[in-house]
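Visitor: Kindly return the folded structure for what I paste below:
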Amino acid sequence: HNGPHRPQMIRIVESDGVTVEGVTLVNGPSWHLVPTACRRTTIRDVNILGFSGCGDGIDVVGCEDTSITGCFIRANDDCIAVKALGEAGSRNVRGVRVSGGVFWNASWGNALEIGYETRCEEIADIRFEDCDVIHAQREGWQSGGTFTIHNGDRATVRDVTYRDIRVEDSQEKLIDLKVQNSKWSRDGQRGRIERVRFEGITVVDGVLPVSIVQGFDPEHLVSDVAIANLTAFGQPLRNATDAKMVIELAHSVRFVDGGGD
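Guide: Here you go, the predicted structure:
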């Protein structure tokens with residue numbers, strides 16, 4: 001657990017080579033599955049059905065080399081969240097792979113999230129691919145989104161890829177990349193977001209919501225964001241206007257052709 005008021009259902013701490021496979025977790029009181037300060041963690045074919053407030057599905061906290069494949073997550077809060085907390089020794093995060101999953105985000109939070117807690121030097125080499133987001137509910141606090149990086153502390157978040165993902169019902173924001181001072185921030189300095197790629201993202205139903213790319217100030221920017229083959233309802237979105245994207249305090253946010261790394 002993580003304190004008496006927010007107990008976690010399964011927490012794996014400072015472990016190497018753990019596999020969690022083929023289990024179903026139902027309605028935990030808070031975060032459901034939480035590898036913390038681990039290496040080489042495999043999470044495969046796990047179902048999570050959560051209805052409680054703050055009920056994240058899987059939170060990857062201060063870990064290296066984490067694989068999450070073939071999971072179904074229906075969560076009231078973030079479905080997947082990648083974080084770094086002080087309790088994990090402010091460890092960097094590297095090498096997270098999420099693939100083949102189906103995600104339903106309900107009342108709070110986001111579908112595929114990095115943040116808000118980013119209390120380390122670097123969160124890097126994160127990849128989400130071949131997934132279906134079937135519902136990302138409107139939160140109403142201007143926070144909820146489908147593809148989100150909310151850098152609320154000092155980390156540099158870099159080298160993040162979202163590839164070949166279908167979106168059925170994104171209600172508040174499709175893409176939300178922000179460096180910010182939030183109510184969850186603890187570090188006195190802000191970080192950066194660098195080198196993010198979206199490739200083959202398809203909105204197949206629902207509405208096309210706004211997207212936001214926003215840095216904090218001229219020294220703490222969002223930079224080098226590439227968007228390739230973004231479509232909505234069968235139509236290509238070739239620029240920020242098409243994509244309903246607002247860009248502030250950001251450098252080199254571009255819509256590009258083609259695929260590849």
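Visitor: Where does the most centrally placed residue in the chain fall, secondary structure wise?
Guide: Taking Cα atoms, centre = their mean, the centroid of the chain lies closest to Glu113, which sits 1.7 Å from it. Per DSSP states H and E: Glu113 is located in strand 112-118.
Visitor: Enumerate the positions of the following helix or strand past that strand that are buried.
Guide: Per DSSP H and E, the first helix or strand lying C-terminal to strand 112-118 is strand 122-136. Neighbour-count burial for strand 122-136 flags 122-126, 128-129, 131-136 (criterion: 16 or more other Cβ atoms under 10 Å). C-betas here are computed from N, CA, C, even on glycine.
Visitor: Same check on stretch 180-189?
Guide: Buried residues in stretch 180-189 (16+ other Cβ under 10 Å): Gln180, Trp184, Ser185, Asp187.
Visitor: List the contacts of it.
Guide: By Cβ atoms under 8 Å, 6 or more residues apart in numbering, the residues outside stretch 180-189 that reach it are Gly86, Tyr116, Glu117, Arg119, His150, Asn151, Gly152, Asp153, Arg154, Arg190, Gln214, Phe216.
Visitor: how long is that stretch end to end?
Guide: With Cα to Cα, to the nearest Å as the measure, stretch 180-189 spans 10 Å from end to end.
Visitor: what about that stretch, average pLDDT?
Guide: Average pLDDT, stretch 180-189: 92.
Visitor: Stretch 244-255 now?
Guide: 98.
Visitor: Can you name the residues in contact with it?
Guide: 175, 177, 179, 208-218, 221-228, 230, 237-240, 243.
Visitor: how far is the strand holding Glu113 from where the chain is centred?
Guide: 6 Å (Cα atoms, centre = their mean, to the nearest Å).
Visitor: ok, how many other residues are close to Met32?
Guide: Just to correct that, residue 32 is His rather than Met. 26 (other Cβ atoms under 10 Å).
Visitor: Sorry, slip of the keys, the one I care about is Val61.
Guide: Val61, neighbours per other Cβ under 10 Å, totals 25.
Visitor: Could you do Cys79 as well?
Guide: 32.
Visitor: residue contacts, it?
Guide: Per Cβ under 8 Å, 6+ apart, neighbours of Cys79: Asp56, Gly57, Ile58, Ile73, Phe103, Trp104, Asn105, Gly109, Asn110, Ala111, Leu112, Glu113.
Visitor: among those residues, which are in strands?
Guide: Residues of the contacts of Cys79 located in strands (DSSP state E): Ile58, Ile73, Phe103, Trp104, Asn105, Leu112, Glu113.
Visitor: All good on my end, thank you.
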